[in-house]
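**Student:** Model the following, please.
(2 chains)
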Amino acid sequence: MKKTDIIVISILFLASFWLLLAPTSGNQKMLNSKEMLQEIQKKNHFVSVDNLAKRIIENDPSILLIDVRNAKEQENMNIIFYSNGTTQASEAWMMVRQMGFKNVNVLQGGVNEWFSLILNPEEPSITETKLEIENYKFRMSAKQYFTGVKVDNQQNSGSSTSIKVNTSKKKKKGASGGCS
Amino acid sequence: MGPLFPQELISETINLLLAFFIGTGFGLALEGAGFTNTRKLAGVFYGYDFVVLKVFFTAALTAAIGLFLMNSYGLMDIKLTFYPQTFWIPTVVAGIIMALGFVVGGFCPGTSVCAAATGKIDGIVFVGGVLIGVLGYAFSYETVFEKLSLGQVNIAEWIGISNGLFIFIVTMVAVVAFVVVTKIQKALNDKNPVAEIENLGL
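**Tutor:** Alright, predicted model coming up:
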């Protein structure tokens, strides 16, 4: 055998041996029935309504509410799916729409667009349409709402029609996050 | 972390661009290693050249070991990677057709594309065959393939061993195969010498 053959075989052998010793797949450990029962009895999995309310008020970014009420109760909700882009959200949308749900949407552009337009809006040039400039102003106020960053309004001094961000949005956001 | 595209960590455009560059690199490597030469590929069947077998066995194992190692250390969630369904009967039929094409024409689907890119007429004909196969599959999927699907089959799971152990066993098989084919190649070439393909100027 050629020298290269022997080197390649040795590397493959060592790597597969390493794989054999590597931790078995999955960062998520499945629980067996005994462990599951223990967890249920400990009741550590409950979060109090006060705690949840506090975390929502504090805008805790680490919570993900998932609404698992039955279909009838969710009928009148506007379900908005989001993912990083739109591919996965669109897949979810297709499945749910196929089931016959009516009020279902996909967040256009996904989290990426949220990041670039709402959290990092680009200032339009003066020659842009009025609509674009209004959009920009809305996005700046939205940015302030979501991040708490004070927005410098110098450039908008011409027209001070500040766009109010509807506070009821907060409610809706909770619902959309919950359903995705 | 990974895979990047199924989690939308990269856009479709970047995904296609990456595929384009990796594909081009793969093609260049195949051409550079002489895989667009039909004699080299047909050599597997006649026993005078087993490089193709070695390369593709190594490639499959490298990918398998790499993926599962990354999965073990949390760099890649293997459940999110594309996992095709198994079609048992169609695979056997297609395997026979491909093997026939392999021994008659000396191309496998990948190398035929490379050969076509280098302007070989037989390569272009083979790519036509590949396209007919692809279209045939697409149009007969609902009538033929869907019924024959076994779903996603994992041999390791079926036998009841871990993926790591299964890959380790396959690696052992590969090591044995490498040694055996090298011996066959040497014995055949000593008896009936075939000039090195590189020296034939083809």
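**Student:** Could I get the buried residue list for stretch B:50-62?
**Tutor:** Neighbour-count burial for stretch B:50-62 flags B:50-54, B:57-58, B:61 (criterion: 16 or more other CB atoms under 10 Å in any protein chain shown). In short, each C-beta sits where N, CA and C put it, glycine included.
**Student:** And the most centrally placed residue in chain B, which helix or strand is it part of?
**Tutor:** Central residue of chain B (CA atoms, centre = their mean): B:Phe56, 5.8 Å from the mean position. Using DSSP states H and E, B:Phe56 sits within helix B:51-72.
**Student:** Using CSV, write out the CA atom coordinates for stretch A:131-146.
**Tutor:** What follows is stretch A:131-146, C-alpha atoms only, in CSV (Å, rounded to 0.1, in the frame of the first residue of the first chain):
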residue,chain,number,x,y,z
LEU,A,131,-44.0,57.4,3.3
GLU,A,132,-40.5,56.2,3.7
ILE,A,133,-39.6,59.0,6.1
GLU,A,134,-42.8,58.3,8.1
ASN,A,135,-41.8,54.6,8.2
TYR,A,136,-38.4,55.6,9.5
LYS,A,137,-39.8,57.7,12.2
PHE,A,138,-42.1,54.9,13.3
ARG,A,139,-39.2,52.5,13.3
MET,A,140,-37.1,54.8,15.5
SER,A,141,-39.9,55.1,18.0
ALA,A,142,-40.4,51.3,17.9
LYS,A,143,-36.7,50.9,18.5
GLN,A,144,-37.0,53.1,21.6
TYR,A,145,-39.9,51.1,22.8
PHE,A,146,-38.2,47.8,22.4
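**Student:** mind listing what's buried in it?
**Tutor:** Buried-residue list, stretch A:131-146, by 16+ other CB under 10 Å: A:133, A:135-143, A:145-146.
**Student:** got a list of contacts for stretch B:84-94?
**Tutor:** B:133, B:144-145, B:148-153 (CB atoms under 8 Å, 6 or more residues apart in numbering or on different chains).
**Student:** what residues does chain A put near chain B?
**Tutor:** Chain A comes close to chain B at residues A:1, A:5, A:8-9, A:12-13, A:15-20, A:22-27, A:83-88, A:110, A:112, as judged by CB under 8 Å from any CB of the partner chain.
**Student:** Please pick the buried ones from these.
**Tutor:** Buried by 16+ other CB under 10 Å: A:8-9, A:12-13, A:15-16, A:19, A:22, A:25, A:83-88, A:110, out of the residues of chain A next to chain B.
**Student:** hmm, the helix holding B:Phe56 touching chain A?
**Tutor:** Yes - using CB under 8 Å from any CB, helix B:51-72 reaches chain A at B:54, B:58, B:61-62, B:65-66, B:68-69, B:71-72.
**Student:** Let me have the residues you listed in CSV, extended by pLDDT.
**Tutor:** Formatted as CSV, these follow (pLDDT from 0 to 100):
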residue, pLDDT
B:Lys54, 88
B:Thr58, 91
B:Leu61, 93
B:Thr62, 94
B:Ile65, 94
B:Gly66, 92
B:Phe68, 91
B:Leu69, 91
B:Asn71, 89
B:Ser72, 87
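**Student:** domain ranges for chain A?
**Tutor:** Per automatic domain parsing, the structural domains of chain A span A:3-19+A:32-108, A:121-164.
**Student:** among these, which gets the worst mean confidence?
**Tutor:** Mean pLDDT values for these show the minimum at domain A:121-164, a mean of 73.
**Student:** hmm, back to that, closest one to B:Ile78 among the domains of chain A?
**Tutor:** Nearest to B:Ile78 among the domains of chain A is domain A:3-19+A:32-108 (12.3 Å), distances taken as CB to CB.
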